[in-house]
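1. Predicted model and sequence below, questions to follow.
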Amino acid sequence: MAQERSGNNPSGRGGRPTRGNDQRRGGGDQRRGGSGEQRRGSGDQRRGDSAGSGGRSFSRAGRPPREERGPRTADQAVYDGPELPEDITGKELDRGVAAQLKGLPEKLASRVARHLAAAGLLVDEDPETAYQHALAARARAPRLAVVREAAGEAAYAAGHYSEALAELRAAKRMNGATDYLPIMADCHRALGQPQQAVKLAQSASVANFAAPAKAEMTIVEAGARRDMGQLDAALRVLEQAPLMNKSREPWVVRLRYAYADTLEAAGRPTEALTWFHRTDAIDAEELTDAAERASALESAAE
């Protein structure tokens, strides 16, 4: 996860809120060859050319091969999606995700699975292409919550916050899940709607979140308070969180960093320095720049 930025920039952008039960759709190294569904027009040529064709070969239903047809429309291009690498088979998906595709026809399910797997594998290194894969899956199976969820998360990673919010709302209507709320709240921040972010953060369901998801919602709410110029309120939100938890999990690192950053923004550099040091002490994976921030404060104090 990238460095947490809890100030005026929405907390998730650059360091996305994680879901409490996050299961990457593109996990695993079981990449075996498999071409999946063939594109239209690339199948076997029909025997016998049509009369008057001048010897031109035709494919399914007498249509000319893809390379001889006109350009694809925008909707058709979305449906096609980016080219799928042959080593992505769809078997990379988490079992729970794959199970939700079983109601689809086999060929369709395979294609959707491959696009979802590609989206999961690319979401960190190439979020825009991951988003295009998710859109291709959505074009084929728009009534599946898991597909809308994937489209929402990929849109969020690619910085398409309005689209992300719409997709995650759709997924939530379909399955009633609430673990999208931190991402949805951060989308509201990105869209200049901090009040809506705070409203989501105060949803009753947040009290039942697992610690990581609850921490992410706390960070987003504190950031929204800062967006509205409510630095004291932002500090109070963070001070109610388990900042002194002894765990070295990323969510504790992110909470401490957000608190240190907000203290500095509030004009309390001495306390901020203490919390940057406390963040750095448990940030073994260097998820944040806490060490550099502490060094800068120390230099400014000299």
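-> Sure, I can see it.
2. mind showing which ranges of this structure have poor pLDDT?
-> By pLDDT under 70, the low-scoring segments of the chain are 1-71.
3. As a check, name the ranges of all helices in it.
-> Using DSSP state H, the helices of the chain run over 74-80, 95-99, 106-122, 127-140, 145-157, 161-175, 181-190, 194-201, 211-227, 231-239, 250-265, 269-282, 290-301.
4. Look up how far residue 138 lies from the spatially most central residue of the chain.
-> Closest to where the C-alpha atoms of the chain average out (Cα atoms, centre = their mean) is residue 153, at 3.0 Å. Using Cβ to Cβ, to the nearest Å, residue 153 is found at 12 Å from residue 138. (C-beta placed from N, C-alpha, C; glycine too.)
5. Please name the nearest non-neighbouring residue to residue 238.
-> Of all residues not flanking residue 238 in the chain, residue 259 sits nearest, at 4.5 Å (Cβ to Cβ, 6 or more residues apart in numbering).
6. Give me the neighbour count for the one you found.
-> The local packing of residue 259 (other Cβ atoms under 10 Å) involves 27 other residues.
7. closest one to residue 87 among the helices of the chain?
-> helix 106-122 (10.1 Å; Cβ to Cβ).
8. That closest one to helix 127-140, inter-axis angle?
-> Orientation check (axes from the mean of the first three to the mean of the last three Cα atoms, to 10 degrees): helix 106-122 against helix 127-140 gives 160 degrees.
9. Off-centre distance for helix 106-122?
-> Distance of helix 106-122 from its chain centroid, counting by Cα atoms, centre = their mean, to the nearest Å, is 16 Å.
10. Over to stretch 183-190?
-> 12 Å.
11. If you count neighbours, what's buried in it?
-> Burial within stretch 183-190, assessed by neighbour count using 16 or more other Cβ atoms under 10 Å, is assigned to 183, 184, 185, 186, 187, 188, 189, 190.
12. out of those, who's nearest residue 265?
-> Minimum separation from residue 265 among these (Cβ to Cβ) is found for residue 189, which lies at 15.6 Å.
13. The closest one and residue 99, how far apart?
-> Applying Cβ to Cβ to residue 189 and residue 99 gives a distance of 34 Å.
14. Over to residue 128?
-> 29 Å.
15. Name the residues that touch stretch 265-273?
-> Here stretch 265-273 makes contact (Cβ atoms under 8 Å, 6 or more residues apart in numbering) with 7, 226, 231-232, 235, 260-261, 263-264, 293-294, 297-298, 300-301.
16. More neighbours: which of residue 128 and residue 99?
-> Counted by other Cβ under 10 Å, residue 128 and residue 99 do not tie: residue 128 has more neighbours, with 15 against 11.
17. For that one, which non-adjacent residue is closest in space?
-> Residue nearest to residue 128 in three dimensions, not counting chain neighbours: residue 158, with 4.8 Å by Cβ to Cβ, 6+ apart.
18. same deal with residue 217?
-> Excluding the flanking residues, the one nearest residue 217 by Cβ to Cβ, 6+ apart is residue 182, at 4.6 Å.
19. Could you give the number of residues near that neighbour?
-> 31.
20. re the thing from before, if it's not too much trouble, I'd like the helices of the chain exported to JSON lines so that distance to residue 88 sit alongside each entry.
-> Formatted as JSON lines, those follow (distance: least, Cβ to Cβ, whole Å):
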{"stretch": "helix 74-80", "distance to residue 88": "15"}
{"stretch": "helix 95-99", "distance to residue 88": "14"}
{"stretch": "helix 106-122", "distance to residue 88": "5"}
{"stretch": "helix 127-140", "distance to residue 88": "9"}
{"stretch": "helix 145-157", "distance to residue 88": "14"}
{"stretch": "helix 161-175", "distance to residue 88": "22"}
{"stretch": "helix 181-190", "distance to residue 88": "25"}
{"stretch": "helix 194-201", "distance to residue 88": "34"}
{"stretch": "helix 211-227", "distance to residue 88": "28"}
{"stretch": "helix 231-239", "distance to residue 88": "41"}
{"stretch": "helix 250-265", "distance to residue 88": "27"}
{"stretch": "helix 269-282", "distance to residue 88": "36"}
{"stretch": "helix 290-301", "distance to residue 88": "37"}
